[in-house]
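Trainee: Return a 3D structure for these sequence lines:
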Amino acid sequence: MPDTSSQLPAEPQPLAAALSLYLGAGVEDLRALASGWETTLYEFELSGQSAMLPELQAGVPLVLRFYPSVEAADKGALEYRTISHLANAGYPVPRPYLFEPGGAAIGAPFLVMERLGGGPLFAIRSFPQAFKTFSMGFVGFVRAQARLHRMALAPSALELLGSPAAANHPGRANTRANTNDGPQNGSQGPSQNLAQDKVKDGAAARLLERTLETVAARVEQGPLPGLAAALERLRARAAEFRNAPPSFLHLDYHPQNVLVKGLRVTGVIDWANAAIGDRHFDAATTGVIMSTSAMEHPRWMRDNVAGKNLRRTFNALYLGLYHAIAPMELRRLRYYQGLAGALRLSMLGMMRVRGPQSVGFRPGAISEVTPSVLRLLSGYVARKTGAPVTIP
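Mentor: This is a model prediction of the structure:
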């Protein structure tokens, strides 16, 4: 099948035919569910028994996550392995059934996973509906993130995300989910335990260093000189925050990536940025997104009085509740707010200067990088780092 990455979202009818051929079963009611900067989600059902997924019955709701972007195979493999691990650990994620790293079958790498109930915590159909959904599910949203940060880091998690090799080169997943998440040959020897302890102890420092390197590379390649002063402030203080207990991090945890049904979180999605590091980084990333994500639609989330008040309220509620559940070191949080803001701003700056493909996104993603978002985020980074910030 020809590459469809420049024409996405892909048309449902030819996509369903190609997927049906690959799975060895009829694909019914395939329709677009959501579309993001990197991927498109489709929901569908199988009309019969699948040769590729014999354990699935016909009529079970499924999701196809289609990865047409740059570095799709690596990002898809990381997401597949991460949610496999978390599903086995009992964390609320969609159970993955299959990941295909090649593009020959349907035009791009793809993941087939469980279709969860509920909807995003932040639904934008109407303000009354958004307020009701957000109010009911908000406590569960914060608790689910704190639960993630408190999860014990099993050897399989350290192998998945804790080593430099795993973090930089996720590799390609097997085509079927591995449900055995424990040691393969009984107890581990002392050398294995020592190696895992070393990985665990240095995880926060390595993630911090890689993040600073990423921002620095973008500042140079953009070029983004207006972010250089903030980067130097962050580099100068990095040594203070290198050491921290490691936690499982999502690093894109926000209300549209958490599904809720009433008071209950039914699932956390979009794990392409998962890592092991300092939990303050994850909390800071959530705060940055909630504080600076202005939208043209709906009108009440624009860069206006209503939008500013809502963002300020959402962020204050989030940080207050998270701190009550899992107390934070506020100096560390402020540092990571600056770092998370600089990382996000460098990404958006590259999109403006070099195009969305330069950071692995589809061309259409540029429509979300509005002057309002850049203005809000630049001001945020300047406040947290104490350095002037300008982005073209």
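
Trainee: pLDDT-wise, which helix or strand of the chain ranks last?
Mentor: helix 164-168 (a mean of 44; mean pLDDT, DSSP states H and E).

Trainee: Where does the prediction get shaky in this protein?
Mentor: The chain contains residues with pLDDT under 70 at 1-9, 70, 162-201.

Trainee: How far does stretch 273-285 stretch from one end to the other?
Mentor: Stretch 273-285 has an end-to-end distance of 11 Å (criterion: CA to CA, to the nearest Å).

Trainee: typo on my end, it should be stretch 365-379
Mentor: Stretch 365-379: ends 22 Å apart by CA to CA.

Trainee: Could you do stretch 319-333 as well?
Mentor: One end of stretch 319-333 to the other measures 10 Å (CA to CA).

Trainee: any residues touching the strand or helix carrying Leu377, and which ones?
Mentor: Here Leu377, judged by DSSP states H and E, is contained in helix 371-385. Around helix 371-385, the neighbours that count as contacts under CB atoms under 8 Å, 6 or more residues apart in numbering are 226-227, 229-230, 233-234, 288, 291-294, 302-303, 334, 337-338, 341-342, 344-345, 348-349, 352, 388-391. C-beta here means a position set from N, CA and C on the backbone, and glycine is covered the same way.

Trainee: just checking, which of those residues belong to strands?
Mentor: Judged by DSSP state E, those include no members of strands.

Trainee: now the strands for the protein?
Mentor: Using DSSP E, strands in the chain cover 27-35, 40-46, 62-66, 96-100, 110-114, 119-120, 246-249, 258-261, 264-268, 275-278.

Trainee: Show the contacting residues for Ile289.
Mentor: Asp252, His254, Arg344.

Trainee: Redo the strands of the chain as JSON lines? Include mean neighbour count.
Mentor: Converted to JSON lines, these look like this (neighbours: other CB atoms under 10 Å):
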{"stretch": "strand 27-35", "mean neighbour count": "16"}
{"stretch": "strand 40-46", "mean neighbour count": "20"}
{"stretch": "strand 62-66", "mean neighbour count": "24"}
{"stretch": "strand 96-100", "mean neighbour count": "24"}
{"stretch": "strand 110-114", "mean neighbour count": "24"}
{"stretch": "strand 119-120", "mean neighbour count": "18"}
{"stretch": "strand 246-249", "mean neighbour count": "25"}
{"stretch": "strand 258-261", "mean neighbour count": "22"}
{"stretch": "strand 264-268", "mean neighbour count": "20"}
{"stretch": "strand 275-278", "mean neighbour count": "25"}
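
Trainee: could I get the ones you listed as a markdown table with distance to Leu207?
Mentor: Putting the strands of the chain into a markdown table (distance: least, CB to CB, whole Å) gives the following:
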| stretch | distance to Leu207 |
| --- | --- |
| strand 27-35 | 28 |
| strand 40-46 | 27 |
| strand 62-66 | 25 |
| strand 96-100 | 24 |
| strand 110-114 | 24 |
| strand 119-120 | 27 |
| strand 246-249 | 8 |
| strand 258-261 | 22 |
| strand 264-268 | 19 |
| strand 275-278 | 3 |
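
Trainee: Find the nearest non-adjacent residue to Leu333, please.
Mentor: Closest residue to Leu333 apart from its sequence neighbours, by CB to CB, 6 or more residues apart in numbering: His280 at 5.1 Å.

Trainee: so what's the one you found up against?
Mentor: His280 neighbours (CB under 8 Å, 6+ apart): Phe241, Ala244, Met328, Glu329, Arg332, Leu333, Tyr335, Tyr336.

Trainee: how close does it sit to Leu41?
Mentor: If you measure His280 against Leu41 using CB to CB, to the nearest Å, the figure is 30 Å.

Trainee: which ones are touching the closest residue to Val260 other than its chain neighbours?
Mentor: Spatial nearest neighbour of Val260, excluding adjacent residues (CB to CB, 6+ apart): Gly137 at 3.3 Å. Contacts for Gly137 (CB under 8 Å, 6+ apart) come out as Leu121, Val258, Val260, Gly262, Leu263, Arg264, Val265.

Trainee: what's the burial count for Leu161?
Mentor: Applying other CB atoms under 10 Å, we find 25 residues neighbouring Leu161.

Trainee: and it, how far is that from Glu79?
Mentor: 11 Å.

Trainee: so what sits against both of the two?
Mentor: Residues within reach of Leu161 and of Glu79 at once, by CB under 8 Å, 6+ apart, are Ala274.

Trainee: What count of nearby residues applies to Glu71?
Mentor: Considering only other CB under 10 Å, Glu71 is surrounded by 15 other residues.

Trainee: so it makes contact with Val359?
Mentor: No - checked against CB atoms under 8 Å, the pair Glu71 and Val359 is beyond contact range at 9.6 Å.

Trainee: shared neighbours, the two?
Mentor: With CB under 8 Å, 6+ apart as the test, Glu71 and Val359 reach no residue in common.

Trainee: Identify the residue nearest Leu116 in space, chain neighbours excluded?
Mentor: Gly267 (4.0 Å).

Trainee: re the thing from before, mind checking how far the helix holding Leu377 is from the chain centre?
Mentor: Centre-to-centre, helix 371-385 and its host chain are 21 Å apart (CA atoms, centre = their mean, to the nearest Å).
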